[in-house]
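Asker: sequence and predicted structure are below.
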Amino acid sequence: MKTLTVEGTVEKVTFYNPDNGYAVFTITDNENDQGEITCVGYIPAVNPGESVKITGSVVNHHFYGEQINIEIFEKTMPKTERAIELYLASGVIKGIGPKIAKKIIERFGKRTLDIMDFEPERLAEIKGISKEKAMTIGELYKEKAEERRAMLFLGQYGISPTYALKIYKRYKERTIDIVTKNPYALAEDIFGIGFRIADSIAANVGIAKDSPFRIRAGVKYVLNQAAGNGHVFLPYDELIENAAELLSIAPQIIDNEMTAMHIENYIWMDRRAEGTNVYLNFFFYAESYTARKLYELSDTDAEGIYDYDREIDALESAEGITFVPQQREAIKQAMENGVLVITGGPGTGKTTIINAIIKLCQAEGLEIELAAPTGRAAKRMEEATGHKAQTIHRLLGINFLDEDSKNQTFEKNEDDPLEADVIIIDESSMVDITLMHSLLKAIPLGTRLILAGDSNQLPSVGPGNVLKDIISSGVIKVARLTEIFRQAQESAIVTNAHKINRGEYPDLKEKNKDFFFMKRYNTAELLSLIVSLVSVRLPKYLKCQPQDIQVLTPMRKSPLGVVNLNTLLQDTLNPPSRSKREIELRKTVFREGDKVMQIKNNYNIQWKIIEKNGDITDGVGIFNGDEGIITYIDNMNEYIEVVFDENKVVHYEFSQMDEVELSYAVTIHKSQGSEYKAVVMPLLSGPDMLMSRNLLYTGLTRARELAVIAGSPEIIFRMVDNNKEISRYTALCSKLKEFAEFAGEK
C-alpha cells in the first residue's frame, strides 16, 4: 500500500463530526498540480482555506475513488492570500463572510492573520466593521488559534484527534498549562485516557518519577485495575508491590504518599487484625453501606402476622399446582422476611416461586417492582411472570453527568426512594457492589427485597461477589432450591448442569435430544465443525435460522476465541457481496446482514418500531446483551442501522460503534443473563484460571433447547475438577457479620 505526504490548502469539507473528529475533505497540493485530493480520517476541526500537511496511505474506495487515509495530520499557517481569504470566508470566525473576507485581504494581504492576532482594532479601517466588532473578531481568532495550538501540542505526544478534542473541550485555554503541570489529571477527567497514556506524556514534559501527582495516579491506577478484575480492595502489601513495580520507585516513597492520600480522602486504608485493606474511597463506602442497609432491611420479622400456609393452600387450589416443601418454605420466607435470597440451579422452580410471591403480594394490595441487571434478563423475567420488569438502571432512573457517560448517577436515592412494597431482583449473581449500593440507597426501610439468582454461576463482571458474600455471611435468610422437577429431569441440559455443579462429569456418550458432545482434538477440524454446525447442521435439525444459534467460548483471543470465530462465521454466514455495504471501524468489518450485540447499557439512544400499518412507536434505551441485525450502512452520512428484538430500529453513528460487536460468537462471561435457542461451545484448551467449573456450568445453562459441546473430553473433565474460583478481595461477608454482631450486643 502506497504512503503519500501532501502539503496543501483545504478546498472543501464534505463531512465533519465534531464529537469524534472524523472528517472527509479535499485539498489542493501546494507543490504539484494534481487537482483536488480527497482525505479521510480522525483530525481536529478543519476549515476551507487552512493549510495542512498530511501523511497517509493511498486507497481506492469502491464508491469514492482514490483517497488518502490520514495517519499523520498537522496544520500550518495559510501561506497565500487566496488561502487566507478562503479560510476567513469559510465562516470559521463569526462575523466574517465571503464579502468581508475579500475586503480584509484587499486591505492587509498576507499580513491579515498578524493583524487579527496582534492589532485587531485595525480591522475597523474596513467599511462595515466597527471597532467593537473588530475586537470581537480578534478574540474569536485568538480562541481558534489557541485551539489549534493545543491540538498540535497534544498531537506531538501521540494523542489522537478524538481525544485531543475531548481534552480541549474540557480545559479550553488551560489545556497546555494543565497537561504540562499535571498530565495525570487527564486520566481522572477524560474518559478513555488512562494512566499509561498520561504517564507517557508526563515523561515527555519532564514530570519527575517520584512526583506526588505520579504516585497518586499510579496508586489509583493499580486499584482501578484491581476493580476491573473484580476486587473491591487490595491488601496493603500487594498494592505497594504492584505500585512500586508500575512506577519503578521505592516502596517507602509510595507508602508515605498513600498515608497523605488517606488523610485527604483519596483512598481508604481499612486497618483490621488480619492486615490493612486499601480501597478507593467510593468502594469502601459502597461496601460498608451495602452491608449496613442489607442488615437494616432484613431486621424485620412478619412471622405469625399472617397465616401464609392457608394463603399458599388457596393459591395451589386456584392455580391447580402443588408446591414441594422447598418451594412452600421459600414462598413463606419471602413473605415473612425483609430480605430473602432465593438460589438454585436450572429446573428447581425459581420462576414458579417468584410467580407465587407476586400473586400473594397482589392479593395483599402490595406494590411490586421487578428488575434484573441486563435488558435480556429483564425481558425474560417479564415473559416468565407476565408482570412488567426492567433493568435495575432503568428502575433507578439513570442519568449521566458528562457526555462520555463516565459518571453515572440515579434519580432514585435516599431523598427520592422507590415507591414499592416489594422489590424482586432476578439474576442477582450479576449485580456488582456499585449497583447493589445504588439499589439499596433507593430502597426505604420497610420495603421487602427478594434476590433471586444462581450462586454457582460466574460472579459479576464488575467488582465484588455480592450474592455469594450475602449467602456466606449467614446473616440474611436464604432459600436454597435443590430439587429438580420431573419435567426438567427429562432435559440432559439440566441434568448435566447439575452434575457439573456437584463436581460430577457430564454424560458425554449418551446422545440426547437436547445435549450432544462431539469429540475433536485438532483446532482446524474443530473450527470447521463449528462453522458447519452453525451454518447448516443445527439450523436443519432445529428448523431455525443460523442467527438463533449462539457460539459461546471462554476466550476473546486464540484461534477458538471470539475474534477469530466471528471472522470465520461472518465470512461463512454473511460473506462480502456487491449488494451489501460494509465499513471497517476499529479493525472490525461491519457488513449489512451481520449479527451484532450491544456491549454496554445505553439509556439515551433512540429507537423506533414501525408497524405494518405505518404506526411508529418511539423509545430510548438499548442494553448490554441485546442482539440485532445490521440492515443498512450509510457511508455518506456515517451511520449504521440495526434492528433489534421487537423490530426496534436504531441508528448508530460510526463514532458510537465502540458500543457494538459482532456476535456470531461471544464469551461465556458476556452471555450471562441471556438465553439462546441453541448453544455451541468449543472447548479444546485454555488457562486453568479461566477453564473452571462455574464457567462450564454458566455456558451450558444458557441453552434453552439444545447444547452442543465440541472438543476434548479431557478439558471438560479438567473444568469440572477445577472448582477454584478466581478469588476476589471483598469484605461484604465479614461486614454483614459485624453489623449483626454489633446489633446483637446492643
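Answerer: Nice, thanks for sending it over.
Asker: which ones are touching the closest residue to Y289 other than its chain neighbours?
Answerer: Distances taken as CB to CB, 6 or more residues apart in numbering place H437 nearest to Y289, at 5.7 Å, with adjacent residues excluded. Every C-beta, even on glycine, is put in place using the N, C-alpha and C of the backbone. Applying CB atoms under 8 Å, 6 or more residues apart in numbering, we find H437 in contact with 285-287, 289-290.
Asker: 7 Å - rerun?
Answerer: By CB atoms under 7 Å, 6 or more residues apart in numbering, H437 lies in contact with 286, 289-290.
Asker: which one of those sits closest to N723?
Answerer: Ranked by distance to N723 (CB to CB), the contacts of H437 are led by T290 at 26.6 Å.
Asker: my guess is the closest one contacts C733, does it?
Answerer: No. Counting by CB atoms under 7 Å, T290 stays clear of C733, with 11.2 Å between them.
Asker: more neighbours: which of those two?
Answerer: Neighbours per residue, other CB atoms under 10 Å: of T290 and C733, the larger number sits with T290, 25 against 19.
Asker: what's the local residue count around T374?
Answerer: For T374, the count of nearby residues is 22 (other CB under 10 Å).
Asker: cool, E675 as well?
Answerer: Residues near E675, counting by other CB under 10 Å, number 16.
Asker: how about N399: what's its closest non-neighbour residue?
Answerer: Distances taken as CB to CB, 6+ apart put T409 closest to N399, at 5.1 Å, once the chain neighbours are dropped.
Asker: doesn't the one you found fall inside a strand?
Answerer: Yes. Assessed by DSSP: H, G, I helix; E, B strand; the rest coil, T409 belongs to a strand.
Asker: distance check, it against M691.
Answerer: Distance of T409 to M691, computed by CB to CB, to the nearest Å: 39 Å.
Asker: ditto for A124
Answerer: Distance from A124 to M691, counting by CB to CB: 76 Å.
Asker: got it, and S211?
Answerer: The gap separating S211 from M691 is 42 Å, by CB to CB.
Asker: could you do I500 as well?
Answerer: Distance, I500 to M691, by CB to CB: 13 Å.
Asker: mind checking which of those two has more residues around it?
Answerer: Remark: of I500 and M691, I500 carries more neighbours, 23 against 18, as counted by other CB under 10 Å.
Asker: list the contacts of that one.
Answerer: Neighbouring residues of I500 by CB under 7 Å, 6+ apart: 506, 693, 696-697, 700, 720.
Asker: in PyMOL, how would I select the buried members of those residues?
Answerer: Buried residues within the contacts of I500, by 16 or more other CB atoms under 10 Å, are selected in PyMOL with:
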select buried, resi 506+693+696+697+700+720
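Asker: now do the longest strand seen in the chain: which elements does it pack against?
Answerer: With DSSP state E setting the assignment, residue counts place strand 3-16 as the longest strand in the chain. The contact analysis (3 or more CB pairs under 7 Å, 6 or more residues apart in numbering; DSSP states H and E) places strand 3-16 against strand 22-29, strand 51-61.
Asker: identify each buried residue in the longest one, please.
Answerer: Read that as strand 51-61. Applying a neighbour-count criterion of 16+ other CB under 10 Å, one finds 51-52, 54, 56 buried in strand 51-61.
Asker: out of the helices and strands packed on strand 3-16, which is closest to E638?
Answerer: Closest approach to E638 among the helices and strands packed on strand 3-16 is made by strand 22-29 (6.8 Å; CB to CB).
Asker: packing partners of the closest one?
Answerer: strand 3-16, strand 36-42.
Asker: out of the ones you listed, which gets nearest to I609?
Answerer: Closest approach to I609 among the helices and strands packed on strand 22-29 (CB to CB): strand 3-16, 29.3 Å.
Asker: ok, the closest one: who's next to it in the sheet?
Answerer: Here strand 3-16 is paired, per DSSP bridges, with strand 22-29 (antiparallel), strand 51-61 (antiparallel).
Asker: which residues in the stretch 101-250 of the chain form helices?
Answerer: Assigned by DSSP state H, counting those that start in this stretch, the stretch 101-250 of the chain shows helices spanning 112-118, 131-155, 161-171, 175-181, 185-189, 195-205, 212-228, 236-247.
Asker: by mean pLDDT, show me the worst of these.
Answerer: Per-stretch mean pLDDT for the helices of the stretch 101-250 of the chain is lowest at helix 161-171 (a mean of 76).
Asker: lowest confidence element among the helices and strands of the protein?
Answerer: Every helix and strand of the chain was ranked by mean pLDDT, DSSP states H and E. The lowest is helix 486-489, at a mean of 65.
Asker: going along the chain from it, find the next helix or strand for me.
Answerer: Following helix 486-489 in sequence order, the next helix or strand is helix 492-501 (DSSP states H and E).
Asker: circling back: around the residue nearest to N399, how many other residues sit close by?
Answerer: A count of nearby residues for T409, using other CB under 10 Å, gives 12.
Asker: what do you get for A442?
Answerer: Using other CB under 10 Å, A442 has 22 neighbouring residues.
Asker: my read: it touches N413, true?
Answerer: Yes. Under the criterion of CB under 7 Å, A442 makes contact with N413 at 5.5 Å.
Asker: ok, L140 - contacts?
Answerer: With CB under 7 Å, 6+ apart, L140 has these contacts: 93-94.
Asker: wait, I meant G453
Answerer: Residues near G453 by CB under 7 Å, 6+ apart: 343, 426-429, 467.
Asker: equivalent analysis for V278, please.
Answerer: By CB under 7 Å, 6+ apart, the residues touching V278 are 233-234, 236, 239, 267, 269.
Asker: any idea how far Y729 lies from L573?
Answerer: Relative to L573, Y729 is positioned 42 Å away (CB to CB).
Asker: please apply the same query to L445.
Answerer: In this view, L445 and L573 are 53 Å apart by CB to CB.
Asker: neighbour count: those two, which is higher?
Answerer: Using other CB under 10 Å, the more surrounded residue of L445 and L573 is L573, with 18 against 11.
Asker: excluding chain neighbours, what is closest to that one?
Answerer: P546 (5.3 Å).
Asker: what sits up against the helix or strand containing L696?
Answerer: Here L696 sits within helix 693-700, counting by DSSP H and E. Outside helix 693-700, the residues within contact range by CB under 7 Å, 6+ apart are 456-458, 493, 496-497, 500-501, 552, 554, 668, 671-672, 679, 681, 707, 716, 719-720, 722-723, 725.
Asker: give me the pLDDT for the residue nearest to N399.
Answerer: Listed pLDDT for T409 reads 81.
Asker: same question for N256.
Answerer: Note on N256: pLDDT of 92.
Asker: next one: S90
Answerer: At S90, the pLDDT value in this model is 67.
Asker: adding distance to L533 and mean pLDDT, write the helices and strands packed on strand 3-16 out as a markdown table.
Answerer: As requested, the helices and strands packed on strand 3-16 are exported to a markdown table (distance: least, CB to CB, whole Å; pLDDT from 0 to 100):
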| stretch | distance to L533 | mean pLDDT |
| --- | --- | --- |
| strand 22-29 | 39 | 87 |
| strand 51-61 | 36 | 84 |
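Asker: closest to A334 among the contacts of V278?
Answerer: Using CB to CB, F233 is the member of these that sits closest to A334, with 32.4 Å.
Asker: quick one: the residue nearest in space to the middle of the chain from K144, how far?
Answerer: For the chain, the residue nearest the mean C-alpha position is K600 (3.5 Å; CA atoms, centre = their mean). To K144, K600 is 35 Å away according to CB to CB.
Asker: circling back: using JSON lines, lay out the helices of the stretch 101-250 of the chain together with distance to Y42.
Answerer: Converted to JSON lines, those look like this (distance: least, CB to CB, whole Å):
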{"stretch": "helix 112-118", "distance to Y42": "26"}
{"stretch": "helix 131-155", "distance to Y42": "11"}
{"stretch": "helix 161-171", "distance to Y42": "5"}
{"stretch": "helix 175-181", "distance to Y42": "18"}
{"stretch": "helix 185-189", "distance to Y42": "18"}
{"stretch": "helix 195-205", "distance to Y42": "16"}
{"stretch": "helix 212-228", "distance to Y42": "26"}
{"stretch": "helix 236-247", "distance to Y42": "29"}
